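Q: build me a model from this:
(one chain, ligands or ions: 4)
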Amino acid sequence: AKEQAVDSRQMLFNFDMDVQIHRRQRLQADLREALKYKKLQLVYQPIVDLKNPRVACLEALLRWNHETLGPIPPLEIIEIAEKYSLANELGLWVIAETCRQLQEWRSGGLEPLPVAINISPSMHHLDLAGMINESLALNNLPKGLIRIEVTEDTSMRILKETQDLLPGLGRHNISIALDDFGTGLSSLSHLQQLPVQTLKIDRSFISKISADHTSRRLVKNIIGIGHDLGMKVVAEGIEDNSAAALLTAYQCDYGQGYLFSKPLAPHLIPDCCRQLETVPAEAAANDF
Ligand code: C2E
Ligand code: MG
Ligand code: MG
Ligand code: MG
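A: Ligands and ions are numbered 1, 2, ... in the order given. Here you go, the predicted structure:
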């Protein structure tokens, strides 16, 4: 009986694997199509200046509403793109689409805001700076409007493999943020070597600061380390006023999260920017 149980567990496991492999293969074929026929979307989430009530930057986030499977989580899209050599094409689309959108906002009267795009692990083999600046120029946009976000692990790999890529981006006026900080494997000495202007503290720390004393001290110290290294600090995933108030008290520079806004379809961005400008920062601070 015991052997039978193991057998059926094994069968279930195999079945799960089959389902997973099937989904992957289907998604990679469909992702090729979606890229070709422009069926992917970007949504944009404001990154807010915690000291002045204004939107400092936007983060572009990938969305894919699959015809039959529904919304596909962005990390799954990236995983598939990486596995099937679609990461470069996808990344180039993100750059081009963001520039096109910036131009559209500008012609609608929105003051140009920098947009941060996420760079997937294998994209660093490309001439990123060249492509970003070419795409900006094509849309008559000034340099500096596109920023990039890399995770700690990706940045470590980039630094090891191509010594010059990250500093090269800096020379081209492309600012770099270290994403999901605190979840990767990088060390303080790595952090010190990185030509990074911004540190984004991962949501897993921010979500605990209102309730947990230790997380609070940790976040306060991470902000201090970022500032000691001459970086600006962003807190990711701020969902309530008490977290925003604490982060403001700790001198955190910027905040991002559902408290301010969820990621939005592009046409909703101009109104959202106007609204966030009229909400005074103290409103959050008073509401403990
Ligand atoms: P990320 O770069 O760390 O982006 C922040 C994620 O946190 C987004 O998830 C955003 O929707 C979510 N978020 C923001 N504020 C809150 C909040 O207050 N509460 C909660 N619960 N979540 C919040 P999303 O859009 O699902 O993206 C997940 C990840 O997928 C991103 O994490 C990024 O690593 C990756 N990703 C998204 N778009 C792209 C892309 O165009 N290219 C690449 N390479 N990766 C992307
Ligand atoms: Mg990001
Ligand atoms: Mg992040
Ligand atoms: Mg994250």
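
Q: can you count the residues close to S175?
A: 19 (other CB atoms under 10 Å). Bear in mind the C-beta positions are built from the backbone N, C-alpha and C, glycine included.

Q: same thing with M11?
A: Residues near M11, counting by other CB under 10 Å: 10.

Q: on the three-state scheme, it is what?
A: Secondary structure, DSSP: H, G, I helix; E, B strand; the rest coil: M11 is helix.

Q: which residues does stretch 66-86 contact?
A: 23-24, 27-28, 30-32, 34-35, 61-65, 87, 89-90, 120-122 (CB atoms under 8 Å, 6 or more residues apart in numbering).

Q: what about 7 Å?
A: With contacts defined as CB atoms under 7 Å, 6 or more residues apart in numbering, stretch 66-86 is touched by 24, 27-28, 30-32, 35, 61-65, 87, 90, 120-122.

Q: and stretch 131-148, by the same measure?
A: 57, 92, 95-96, 98-100, 102-103, 112, 114-117, 119, 169, 172-177.

Q: re the thing from before, among the contacts of stretch 66-86, the buried ones, what's the ChimeraX command?
A: To isolate the buried ones among these in ChimeraX, judged by 16 or more other CB atoms under 10 Å, type:
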select :27,30,31,35,61,62,64,87,90,120,122
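
Q: quick one: the helices in this structure, in order.
A: 2-36, 74-83, 87-107, 128-138, 152-161, 165-171, 188-193, 203-206, 213-228, 241-249, 269-278, 281-286 (DSSP state H).

Q: for those helices, give me a markdown table that also has mean pLDDT and distance to ligand 2.
A: Formatted as a markdown table, the helices of the chain follow (pLDDT from 0 to 100; distance: least, CB to the ion, whole Å):
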| stretch | mean pLDDT | distance to ligand 2 |
| --- | --- | --- |
| helix 2-36 | 83 | 20 |
| helix 74-83 | 96 | 10 |
| helix 87-107 | 97 | 12 |
| helix 128-138 | 95 | 15 |
| helix 152-161 | 86 | 11 |
| helix 165-171 | 85 | 16 |
| helix 188-193 | 89 | 17 |
| helix 203-206 | 97 | 10 |
| helix 213-228 | 97 | 16 |
| helix 241-249 | 97 | 18 |
| helix 269-278 | 92 | 17 |
| helix 281-286 | 46 | 23 |
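
Q: can you list the ones you listed in CSV and add distance to V48?
A: Below are the helices of the chain laid out as CSV (distance: least, CB to CB, whole Å):
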stretch, distance to V48
helix 2-36, 31
helix 74-83, 22
helix 87-107, 17
helix 128-138, 24
helix 152-161, 24
helix 165-171, 24
helix 188-193, 24
helix 203-206, 14
helix 213-228, 16
helix 241-249, 9
helix 269-278, 6
helix 281-286, 9
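
Q: any idea which of those helices gets closest to ligand 1?
A: helix 74-83 (3.6 Å; CB to the nearest ligand atom).

Q: what's the angle from the closest one to helix 2-36?
A: 80 degrees (axes from the mean of the first three to the mean of the last three CA atoms, to 10 degrees).

Q: any idea of the angle helix 74-83 forms with helix 87-107?
A: Using the same axes, to 10 degrees, helix 74-83 lies at 130 degrees relative to helix 87-107.

Q: hmm, helix 74-83 touching ligand 1?
A: Yes: Helix 74-83 is in contact with ligand 1 by CB under 6 Å from any ligand atom, via P74, L75, I78.

Q: nearest to ligand 3, of the helices of the chain?
A: helix 203-206 (6.9 Å; CB to the ion).

Q: could you list the buried residues of that closest one?
A: Neighbour count says helix 203-206 has R203, F205, I206 buried, by 16+ other CB under 10 Å.

Q: what of stretch 220-238?
A: K220, I222, I223, G226, M231, K232, V233, V234, A235, E236, G237, I238.

Q: next: stretch 256-273.
A: Q256, G257, L259, F260, S261, P263, L264, P266, I269, C272, C273.

Q: near ligand 3, which residues of the stretch 51-200 of the chain? Just list them.
A: Counting by CB under 5 Å from the ion, the stretch 51-200 of the chain comes close to ligand 3 at D179, D180.

Q: where does the stretch 51-200 of the chain come near ligand 1, residue by residue?
A: Residues of the stretch 51-200 of the chain lying near ligand 1 (CB under 6 Å from any ligand atom): L61, L62, P74, L75, I78, V94, N118, I119, S120, E149, D179, D180.

Q: tell me the contacts of the first one?
A: The one in question is L61. Counted by CB under 7 Å, 6+ apart, L61 has contacts L42, V43, Q45, P74, P263.

Q: which of the residues you listed fall within strands?
A: Residues of those located in strands (DSSP state E): L42, V43, Q45.
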